[in-house]
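K.L.:
missing the sequence, but the structure's below:
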């Protein structure tokens, strides 16, 4: 079984982003970048499936400029067998991502496509679902457990009040939640060896896909400051404030 894992380059989750003075976008100049945490969970699960003998090859793919090679090097250092970079300077939105990934899937013919359930920069959580729809295959969203049964994959996801288990015929698209696993620590020797490994590069134009944005971003702004909290002296005072001021009782 071949597994294709999509990985996105995002601002490191420990970095507090700043907005550009003109409010046009987030300022990422000189900011530490890294692999999207949800995508790292997806990659970790693919590697675990290979280690259990359920998969024969793990291929990592990223979309964007040459700077995206760093997250592919990270994927190779974790244990991915191959890496593919689809080069484009277009500001990709979920539909464009799904279209480009569809073209890569049609070339690679994987049995399972794994993504993170969302990217921490846009938080859209749409690419996986759109990709499944374009491919016409089953999908499992925000998965916390995966099992392989012959020609099916059985996935578990959390829902209100419990969990839901789905059986999907392969090929299928699955998006990973953070609860799925704990990604392995990448050792320095592995990172050094990954720098020497080849990365296959494909231009978006070569795939014949129109990935141009369909939405226009008008403005980016900080959320309004949160009002300071207060302390109450008793339960009765709390109930009174909820009833009179908050009007929730």
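P.N.:
It's in. It should be emphasised that the depicted structure is a prediction, and the values quoted were computed from it without experimental measurement. Numbers count the residues shown, from 1 in each chain.
K.L.:
Could you use CA atoms for every contact and neighbour count after this?
P.N.:
Noted.
K.L.:
Burial check on residue 164, number of neighbours?
P.N.:
Under the neighbour criterion other C-alpha atoms under 10 Å, residue 164 is assigned a count of 12.
K.L.:
no no, residue 168
P.N.:
Per other C-alpha under 10 Å, the neighbour tally for residue 168 reads 20.
K.L.:
just residue 53 next, same as before
P.N.:
10.
K.L.:
residues contacting it?
P.N.:
Contacts for residue 53 (C-alpha atoms under 8 Å, 6 or more residues apart in numbering) come out as none.
K.L.:
Against residue 203, how distant is it?
P.N.:
Distance, residue 53 to residue 203, using C-alpha to C-alpha, to the nearest Å: 33 Å.
K.L.:
cool, residue 120 as well?
P.N.:
Distance, residue 120 to residue 203, using C-alpha to C-alpha: 25 Å.
K.L.:
ditto for residue 134
P.N.:
Distance, residue 134 to residue 203, by C-alpha to C-alpha: 20 Å.
K.L.:
Note down every partner strand of the helix or strand of the chain with the lowest mean pLDDT and its orientation.
P.N.:
Least confident helix or strand, the chain: strand 26-27 with a mean of 86, by mean pLDDT, DSSP states H and E. Sheet pairing of strand 26-27 (DSSP bridges) gives strand 18-19 (antiparallel).
K.L.:
So which residues make contact with the strand it pairs with?
P.N.:
Applying C-alpha under 8 Å, 6+ apart, the set of residues contacting strand 18-19 is 25, 26, 27, 28, 220, 221, 222.
K.L.:
Export the residues you listed to JSON lines and append columns for distance to residue 116.
P.N.:
Putting those into JSON lines (distance: C-alpha to C-alpha, whole Å) gives the following:
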{"residue": "25", "distance to residue 116": "23"}
{"residue": "26", "distance to residue 116": "22"}
{"residue": "27", "distance to residue 116": "24"}
{"residue": "28", "distance to residue 116": "22"}
{"residue": "220", "distance to residue 116": "24"}
{"residue": "221", "distance to residue 116": "26"}
{"residue": "222", "distance to residue 116": "26"}
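K.L.:
what about residue 29, neighbour count?
P.N.:
Per other C-alpha under 10 Å, the neighbour tally for residue 29 reads 7.
K.L.:
State the helix or strand in which it lies.
P.N.:
Under DSSP states H and E, no helix or strand contains residue 29.
K.L.:
sec struct for residue 42, please.
P.N.:
helix (DSSP: H, G, I helix; E, B strand; the rest coil).
K.L.:
wait, what's in contact with it?
P.N.:
Residue 42 sits next to 5, 114, 115, 116, 175, 176 when contact means C-alpha under 8 Å, 6+ apart.
K.L.:
so how far is residue 244 from it?
P.N.:
From residue 42 across to residue 244, the span is 48 Å (C-alpha to C-alpha).
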